[in-house]
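[1] Give me a model of this one.
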Amino acid sequence: MAGRGHSDSVRPAAQDPISACVWVSAAVHRYRGHMPAARNKHDIVIFGATSFVGQILCRYMVDRHGTDGSNVKWAIAGRNEQKLTAVADSTGADVAQIIADAQDADAIAALCASTKLVISTVGPYALFGSKLVAAVAEAGIDYCDLTGEPQWMQRMIDRYQDRAVETGARIVHACGFDSVPSDLGVWFLQREAVARFDEPCTSISMGVKAMKGGASGGTVASMMNMMDEVSADPELRQVLGNPYALAERGDRTGPEQPNVTLPVHDDGLDSWLAPFVMAATNTRVVFRTHSLLGHPWGDDFTYGEAMMMGDGLGGRAKAMSMSGAMGGFMGAAALGPMRKMMGRFLPEPGEGPTPEAQENGFYDMRFHGTTASGQELIAKVTGDRDPGYGSTSKILGESALALLESDAAGGFWTPATALNDDLIERLVEHAGLTFDIV
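    The predicted model follows:
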C-alpha cells in the first residue's frame, strides 16, 4: 500500500509471503488519522431499517445486544416515521428513531453527525446510496453496506477515497453474502497455505457446492438497475467486464481471469461448473483485496467462482442446463422491454423468503487453491441460513461491530483487509458460519 495513500510502510517483496502477511497486518491496522470530535450519541445507526433485510437485522441486533445501550448504543433510521415505528414494534427495536431520506443531503449529514457508524440497507445503492457515502466520507465516520453493484462501488471509491483518507472515514462495501464468504474464504485459505507450505496459493477456484435460499427482491432490483445503467452508458460494459474494476487506481489490469459462462470441468474441485450469478461482484472484491495488500499472492494470481454441478455425465448435464438458463436470463434482462416484462414476475424490493425459508436456508462453498510449487489445499465455508437474508443480516451486523473495533486507517476497504481474522472469529461464534480446511 506504500504510495497509495494508506500507509508510509515499505512493502516487502511479494516472494516472501510470510513477511508480506506480517506487513499486511501492520500496514492495514494503523492509526486512523483525523477522527471527528466526540459528539456521537450512537455507536451504530441502521439506515433502511424498514427494508426487508433491515427488519431482520433489527431482530438480530435486539437478540445480540438488547436495546438498553449497555453494550452497543444503536438506533434505526428511515424516511417514513409510521413505518419506522411499526418496525420498532414488530422487531422489538425499542431504540432511538431518526427520520431521514436518502436524497436529503442535510438530513443525511445530520444522521452521520449522530453516530460512529452507519449500516445502510437502502438499495439499489446506485440510486439511493451516493449521498450517504459522500456524507460519511466528509464526517469521518464508519460505514458498511451489502451492495453487490461493482459499477457503483468503483464510482464511490474514485470520488471519495482521498477525502476518506483525510477524514479517517472507514468505508467497507459488500458486507453481506456479497462478498464476505468469498473475500474471507480466500483470506482464510491463503493464511493456511502460508502457514502449511510457506507460500500462498497463486490460483484459487471457488465452487458453490450447495445453496438453498429464497429469491431476493433487492438483488433483482440492483441487477435490473445495472442493466438500465449499461443501456444508458455502454462504456459501463468495460467496467463490469474488468475483473480488476475495484482495484486501486493504476492497478486495474492484470492476467486474464477465469470466467465460467459455459460448462467446464474443474479437476481440483472434482466437479462440472456452471455460472454463478454473484461471481461478477465477488471476484472484483477479492481482487481489490489483493490490490490493497500489495499483491502478496503474486502478480499472476488468478481467482474464479462458479456453481458446482457434480461429476460425471449427470454433473455435465446439470451444468449445461444451468448455463443455458443463466444465459437466457441475462440475455433477456439486457433488453429493455424484456426487463419491464420480467419485473412483473420477479420479487420486488422489500419482498423475500418467509421466516421458515430463511431458517432452512444454507450454503456450502469450496475453495481449491494451488501454490506455485504445486501444493494443493481446499477450504470450506458454510452458512446456516438463507444466504441473501438470514445469513446476510448476521454477517452485516458482525461486520459493523468488527469495523468499530478495527484500527484500520481511513479509506475504502474490503471485509478481508479491514476486518479479516476478527470478523472470521465473530462469524463463527455468533453468525452461524464455519471456516475449515477439508
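[2] Check the burial of residue 312 by counting its neighbours.
    Applying other CB atoms under 10 Å, we find 10 residues neighbouring residue 312. (Each C-beta comes from the backbone N, C-alpha and C, glycine too.)
[3] Report the distance from stretch 81-100 to the chain centre.
    Remark: stretch 81-100 is offset 26 Å from the chain centroid, using CA atoms, centre = their mean, to the nearest Å.
[4] Please state the mean pLDDT value computed over that stretch.
    Mean pLDDT, computed over stretch 81-100, is 97.
[5] I'd say residue 78 and residue 55 touch.
    No - using CB atoms under 8 Å, residue 78 makes no contact with residue 55, being 10.5 Å away.
[6] Are there residues contacting both of these two? Which ones?
    49, 87 (CB atoms under 8 Å, 6 or more residues apart in numbering).
[7] Contacts only, for residue 384.
    362, 391, 432, 433.
[8] if you set the cut-off to 7 Å instead, what comes out?
    Counting by CB atoms under 7 Å, 6 or more residues apart in numbering, residue 384 touches 362, 432.
[9] Pull out the buried residues from the longest helix along the chain.
    Counting by DSSP state H, the longest helix found in the chain is helix 312-333. For helix 312-333, a neighbour-count test (16 or more other CB atoms under 10 Å) marks 315, 316, 318, 319, 322, 323, 326, 333 as buried.
[10] Please identify which of these is nearest to residue 260.
    residue 323 (8.2 Å; CB to CB).
[11] quick one: contacts for the closest residue to that closest one other than its chain neighbours?
    Spatial nearest neighbour of residue 323, chain neighbours left out: residue 274 (4.9 Å); criterion: CB to CB, 6 or more residues apart in numbering. Residues near residue 274 by CB under 7 Å, 6+ apart: 260, 263, 306, 307, 309, 319, 322, 323, 326.
[12] Include pLDDT and distance to residue 407 when you put those residues into TSV, please.
    Formatted as TSV, the contacts of residue 274 follow (pLDDT from 0 to 100; distance: CB to CB, whole Å):
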residue	pLDDT	distance to residue 407
260	93	38
263	93	46
306	97	36
307	96	37
309	96	43
319	93	45
322	88	43
323	88	44
326	74	41
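[13] Output the residues you listed in CSV; the columns should cover distance to residue 189.
    Below are the contacts of residue 274 laid out as CSV (distance: CB to CB, whole Å):
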residue, distance to residue 189
260, 19
263, 25
306, 16
307, 19
309, 22
319, 24
322, 25
323, 26
326, 26
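[14] Report the two of those residues separated the most.
    309 and 326 (11.8 Å).
[15] List the contacts of the residue nearest the centre of the chain.
    Nearest residue to the geometric centre of the chain (CA atoms, centre = their mean): residue 174, 2.1 Å. Contact analysis of residue 174 by CB under 7 Å, 6+ apart lists 147, 148, 281, 285, 415.
[16] As JSON lines, those with pLDDT, secondary structure and neighbour count would be great.
    Listed next are the contacts of residue 174 as JSON lines, based on pLDDT from 0 to 100; DSSP: H, G, I helix; E, B strand; the rest coil; neighbours: other CB atoms under 10 Å:
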{"residue": "147", "pLDDT": "94", "secondary structure": "coil", "neighbour count": "27"}
{"residue": "148", "pLDDT": "92", "secondary structure": "coil", "neighbour count": "29"}
{"residue": "281", "pLDDT": "93", "secondary structure": "helix", "neighbour count": "24"}
{"residue": "285", "pLDDT": "98", "secondary structure": "helix", "neighbour count": "24"}
{"residue": "415", "pLDDT": "98", "secondary structure": "helix", "neighbour count": "28"}
